[in-house]
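In: Using only what follows, build the 3D model:
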Amino acid sequence: MLFISEAESAALISEQLAFDAVRDSLVAAVAEHARTFPAVAGHGSDPRNEFAIKSAASGKVAGLKVGSYWPGNAARGLARHSSLIMLLDQDTGRVGAVIEAGEVNAYRTAAADAVAAAALARPDAASLAIFGSGHQALYECLALSRIRPVETIHVVARDPGRGADFVAKLAARSLHAVPAQARDACRSADIIVTATTASAPLFDARWVRPGTHVASMGSDRVGKQELPVALLERARLFCDLPSQSTRIGELQHIADEVAAGELAVTSIGAVLAGRAAGRGSNEEITVFDSSGIALQDLYVAAALVEEWRRRAPAFEATS
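Out: Down below sits the predicted model:
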């Protein structure tokens, strides 16, 4: 069994590796024999400490990810989010690789939104609105700025102090950012990304201008919500996996309309594979719901294993 530590996986991961692996995983997700099994949610002895188990199989990989969220870790100087990915040996069923993937998970999540934006956002999209100023928001901005000519990032944060700190972090990465109110950010944005733990809409649907691409990545559990239903009712809807998105993702809030055929949802993998249409015009609003699927984790993990083997002598020399 191969074990890749948090320090090793953080050294191996890159935005390009994550983008390529996640793109492959989203295409694989719509293949005939791919299976993404229902996510299982749980909590620690303290119910405020949450974890989820996501598992899947394709023709290439099989395994699972355990992702945890321990909010009290911030006071200990530790990351609140943690992830562990397990790849199964397809021949024996034994554990083939275990990868600590806390930082990797941030790259993977941002990569999914970047892959979708590369397919759906207007090529000239230059203004990004980011809701949230936490750990994940930084990775979202970095990933999206690689695939579109982003000139200005409008930062919407509940805490003005944290928002100002986040603007400074982006400036340190040579990204121009400004603090903004929700209305102004939406009305200026070509791309809107929500990276929060919200349980109610973050903005008014009327503030979103024609041609905008919207990505929601914070809704991954029953009861979470970032986008107004009115926006979902007027936009073209895409997601990583419809069966999961309508159960625990942002689209849970229109699940009845989707089931009744009143609203259509397209897997982004079908767009990437050329089996479905993406953006129809420069005036169309597109929404991508990124609830996070296990195949993304497994494909990134497989790519990390390949990279580890390629660079194994260097790791062994420092162990």
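In: Just the buried positions in stretch 70-79, please.
Out: If you call a residue buried by 16 or more other Cβ atoms under 10 Å, then stretch 70-79 has these buried ones: 70, 79. From N, CA and C alone the C-beta is placed, and that goes for glycine too.
In: helices and strands of this structure: which one bottoms out on pLDDT?
Out: helix 312-318 (a mean of 66; mean pLDDT, DSSP states H and E).
In: May I have the lengthiest helix in the chain as CSV, with CA atoms only?
Out: Of all the segments of type helix in the chain, defined by DSSP state H, the longest one is helix 102-120. What follows is helix 102-120, C-alpha atoms only, in CSV (Å, rounded to 0.1, in the frame of the first residue of the first chain):
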residue,chain,number,x,y,z
GLY,A,102,-6.4,18.6,2.7
GLU,A,103,-4.8,21.1,0.4
VAL,A,104,-5.4,18.8,-2.6
ASN,A,105,-9.1,19.1,-1.9
ALA,A,106,-9.0,22.9,-2.3
TYR,A,107,-7.3,22.5,-5.7
ARG,A,108,-9.7,19.8,-6.8
THR,A,109,-12.8,21.9,-5.8
ALA,A,110,-11.5,25.0,-7.6
ALA,A,111,-10.6,22.9,-10.6
ALA,A,112,-14.2,21.7,-11.0
ASP,A,113,-15.4,25.3,-11.2
ALA,A,114,-12.6,26.3,-13.6
VAL,A,115,-13.3,23.3,-15.9
ALA,A,116,-17.0,24.3,-16.0
ALA,A,117,-16.2,28.0,-16.5
ALA,A,118,-13.8,27.1,-19.4
ALA,A,119,-16.8,25.4,-21.1
LEU,A,120,-19.6,27.9,-20.1
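In: any idea which helix or strand comes after that helix?
Out: strand 127-131 (DSSP states H and E).
In: Quick one: residues in contact with that next one.
Out: Strand 127-131 has contacts (Cβ atoms under 8 Å, 6 or more residues apart in numbering) with 137, 140-141, 144-145, 148, 150-156, 180, 182, 185-186, 188-196, 202-203, 226.
In: Okay, and which of those map to strands?
Out: 152, 153, 154, 155, 156, 191, 192, 193, 194 (DSSP state E).
In: got CSV for the residues you listed, with neighbour count too?
Out: Shown next, in CSV, are those (neighbours: other Cβ atoms under 10 Å):
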residue, neighbour count
152, 16
153, 27
154, 23
155, 25
156, 25
191, 25
192, 31
193, 31
194, 26
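In: Now pLDDT too, for those residues, in a markdown table please.
Out: As requested, the ones in strands among the contacts of strand 127-131 are exported to a markdown table (pLDDT from 0 to 100):
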| residue | pLDDT |
| --- | --- |
| 152 | 98 |
| 153 | 98 |
| 154 | 98 |
| 155 | 98 |
| 156 | 98 |
| 191 | 98 |
| 192 | 98 |
| 193 | 98 |
| 194 | 98 |
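In: tell me which of the residues you listed is nearest to residue 103?
Out: residue 193 (19.1 Å; Cβ to Cβ).
In: For the closest residue to residue 149 other than its chain neighbours, give its distance to residue 150.
Out: Closest residue to residue 149 apart from its sequence neighbours, by Cβ to Cβ, 6 or more residues apart in numbering: residue 126 at 5.3 Å. Going from residue 126 to residue 150 by Cβ to Cβ, to the nearest Å gives 6 Å.
In: With residue 210 instead?
Out: Distance from residue 210 to residue 150, by Cβ to Cβ: 19 Å.
In: Tell me which of the two has more neighbours.
Out: Between residue 210 and residue 150, counted using other Cβ atoms under 10 Å, residue 150 has the larger neighbour count: 19 against 9.
In: Phi first, then psi, for that one.
Out: When read as degrees, to the nearest 10, the backbone of residue 150 gives phi -70, psi 120.
In: who's in contact with it?
Out: Residue 150 touches 125, 126, 127, 128, 141, 144, 175, 191, counting by Cβ under 8 Å, 6+ apart.
In: Give me the buried entries from these.
Out: Here, 16+ other Cβ under 10 Å leaves 125, 127, 128, 141, 144, 175, 191 buried among the contacts of residue 150.
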